[in-house]
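**Student:** what's the 3D shape of this:
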Amino acid sequence: MAVWGSHFLVGVNYWPRTKAMFWWKDFDPEEVRSDMAEIASWNLDGVRIFLLWEDFMPEPQAVDPRMLERLRRVMDLAQEHGLRVIVTLFTGHMSGVNWLPPWLLDGERESDPRFRLVAGGRIVKGRIRDLYEDPFALEAQIRMLEATARALRDHPALLAWDLGNEPDLVLRPRTPEAAARWLSALTRALRELDPHHPITVGFHSPVLEEDLGFRVRALAPMLDFLCMHGYSVYARWARHPLDEQILPFLTRLTASLGRKPVLFEEFGLPTAPPGQPTRPVRVQLEDRSFEVAMIAEDEAAAFYERALEALHQAGALGAFLWCFSDYHPELWDRPPCDLLVHERHFGLLRPDGSRKPAVETVARFAARKRPILPPSPLPIPEDYEARPGEALRQLYSLFLQGG
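**Tutor:** Okay, the predicted model is just below:
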């Protein structure tokens with residue numbers, strides 16, 4: 001299956017500026033229309049959207065038809081502005097919070113203690129059903145997948161399916177074999193209804209650093225292309241918060257492990273307010289705190305220019321930035337913005353909707369519609385999965401030396 005056209009795609013991950021994760025409940029098609037026009041004016045090719053699981057499937061027996069209608073409206077608005085859409089199913093983890101329908105609770109698995117759990121519109125505590133092995137949970141996923149595929153498979157704006165956003169952050173599979181069985185079941189069901197659009201999963205760099213149950217080398221044969229998410233402000237092995245070289249490295253590492261083309265589906269930076277220098281901000285959670293670098297807007301623009309060039313040269317299919325906009329202050333007292341203050345400012349637009357300097361940089365690069373280049377392989381050790389953290393750091397050192 002051909003993944004898509006011949007040029008390097010540039011896109012953006014999309015949540016509305018004034019609605020964020022609450023846009024499906026509080027749907028405003030005119031805001032979406034305006035946002036799609038703005039994105040198209042940046043010369044971008046596409047957007048990645050997220051179906052928040054608790055909105056689309058409040059009950060396990062069926063998908064909410066109102067949400068499918070809103071989803072088709074979003075696809076129509078994207079098409080009106082010449083944009084294609086990656087649709088991310090089963091969005092449980094998003095921006096440091098796990099969002100799940102209440103019927104997935106009362107299972108036997110502990111949720112990840114690092115992340116707050118929102119179910120039924122409120123923060124809750126509880127165990128969750130095993131997404132990978134619980135028959136009830138798996139059957140519900142198949143129902144949602146089938147309903148969404150029937151609604152969108154013929155839509156001209158559909159670019160690809162993403163089966164989940166960093167699913168290990170919601171729940172780690174008990175074993176790599178459980179992850180493989182889960183992925184096999186979902187890809188088979190989706191291809192039966194839609195054999196024409198490519199399928200991927202939103203992997204992120206931690207699955208290359210430790211054994212989280214998702215082994216790229218084993219899972220890649222079930223996917224049409226691979227995705228990687230990487231953030232220099234988070235990676236402990238990056239040289240500094242503006243180390244753009246981790247992005248082409250992760251592209252080549254993922255392609256070498258999986259022997260499939262790679263879309264860099266998420267990368268970005270939180271920025272400081274206009275005119276302010278790069279500075280750390282301390283994030284205080286209930287049980288821990290940590291620092292994140294907030295990057296000066298002009299430094300962020302220069303980073304995006306270097307990053308896009310490096311990703312293109314590394315042979316990526318394309319790059320989707322995180323994300324469309326900062327969030328409006330009215331959202332700052334709601335998850336995730338209430339505690340994760342840096343999540344307020346990852347956008348290419350400011351909270352008031354004005355453009356950051358990075359917009360001009362991204363638009364200029366995207367206008368060139370560069371051809372996709374073949375990736376150069378990295379020398380992957382046979383025992384990579386047995387020592388992923390050590391192997392990754394050794395390979396990055398070799399990569400930086402030009403090897």
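**Student:** who's in contact with the closest residue to Leu219 other than its chain neighbours?
**Tutor:** The shortest distance from Leu219 to any non-neighbouring residue, by Cβ to Cβ, 6 or more residues apart in numbering, is to Leu183 (5.6 Å). Backbone N, C-alpha and C define where each C-beta goes, glycine included. Applying Cβ atoms under 8 Å, 6 or more residues apart in numbering, we find Leu183 in contact with 163, 201, 219, 222-223.
**Student:** ok, now with 7 Å
**Tutor:** By Cβ atoms under 7 Å, 6 or more residues apart in numbering, the contact set of Leu183 is 201, 219, 222.
**Student:** which strands and helices sit next to whatever helix or strand the second one lives in?
**Tutor:** Leu219 is located in helix 216-219, with elements delineated by DSSP states H and E. In this structure, helix 216-219 packs against helix 176-193, helix 246-258, with contacts taken as 3 or more Cβ pairs under 7 Å, 6 or more residues apart in numbering; DSSP states H and E.
**Student:** rebuild those helices as a markdown table, extending it with mean pLDDT and distance to Arg368.
**Tutor:** Listed next are the helices and strands packed on helix 216-219 as a markdown table, based on pLDDT from 0 to 100; distance: least, Cβ to Cβ, whole Å:
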| stretch | mean pLDDT | distance to Arg368 |
| --- | --- | --- |
| helix 176-193 | 98 | 33 |
| helix 246-258 | 98 | 18 |
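**Student:** render the CA-only coordinates of stretch 114-129 in CSV, please.
**Tutor:** What follows is stretch 114-129 as a C-alpha-only set of coordinates in CSV (Å, rounded to 0.1, in the frame of the first residue of the first chain):
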residue,chain,number,x,y,z
ARG,A,114,2.0,9.5,37.1
PHE,A,115,-1.1,10.7,35.4
ARG,A,116,-4.5,11.9,36.7
LEU,A,117,-7.5,10.0,35.5
VAL,A,118,-10.5,11.8,34.2
ALA,A,119,-13.7,9.7,33.6
GLY,A,120,-17.2,11.1,33.2
GLY,A,121,-15.9,14.6,33.3
ARG,A,122,-14.3,14.4,36.7
ILE,A,123,-11.0,13.4,38.3
VAL,A,124,-11.3,9.9,39.7
LYS,A,125,-9.3,7.1,41.3
GLY,A,126,-9.7,3.5,40.2
ARG,A,127,-8.5,0.5,38.5
ILE,A,128,-9.1,0.1,34.7
ARG,A,129,-9.9,-2.8,32.5
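**Student:** can you give me the buried ones in that stretch?
**Tutor:** 115-119, 128-129 (16 or more other Cβ atoms under 10 Å).
**Student:** repeat that for stretch 72-79.
**Tutor:** Those would be 74-79, for stretch 72-79 by 16+ other Cβ under 10 Å.
**Student:** still on that earlier bit, so after the helix holding Leu219, what's the next helix or strand?
**Tutor:** Taking DSSP H and E, what comes next after helix 216-219 is strand 226-229.
**Student:** tell me which two in the buried residues of stretch 72-79 are the farthest apart.
**Tutor:** Val74 and Gln79 (9.8 Å; Cβ to Cβ).
**Student:** how near is Leu44 to Gln401?
**Tutor:** 34 Å (Cβ to Cβ, to the nearest Å).
**Student:** next one: Val87
**Tutor:** 40 Å.
**Student:** give me the element Gly164 is part of.
**Tutor:** strand 158-165.
**Student:** in its sheet, which strands sit next to that strand, and in what direction?
**Tutor:** According to DSSP bridges, strand 158-165 forms sheet pairs with strand 84-91 (parallel), strand 199-202 (parallel).
**Student:** what mean pLDDT does the last one get?
**Tutor:** In this model, strand 199-202 has an average pLDDT of 98.
**Student:** swap in the longest one?
**Tutor:** Throughout strand 84-91, pLDDT has a mean value of 96.
**Student:** who's in contact with it?
**Tutor:** So strand 84-91 is in contact with 45-53, 75, 78, 99, 141, 144-145, 148, 152, 157-165, 202, going by Cβ under 7 Å, 6+ apart.
**Student:** please, where are all the strands along the stretch 201-350 of the chain?
**Tutor:** 226-229, 262-267, 279-284, 289-294, 318-321 (DSSP state E, counting those that start in this stretch).
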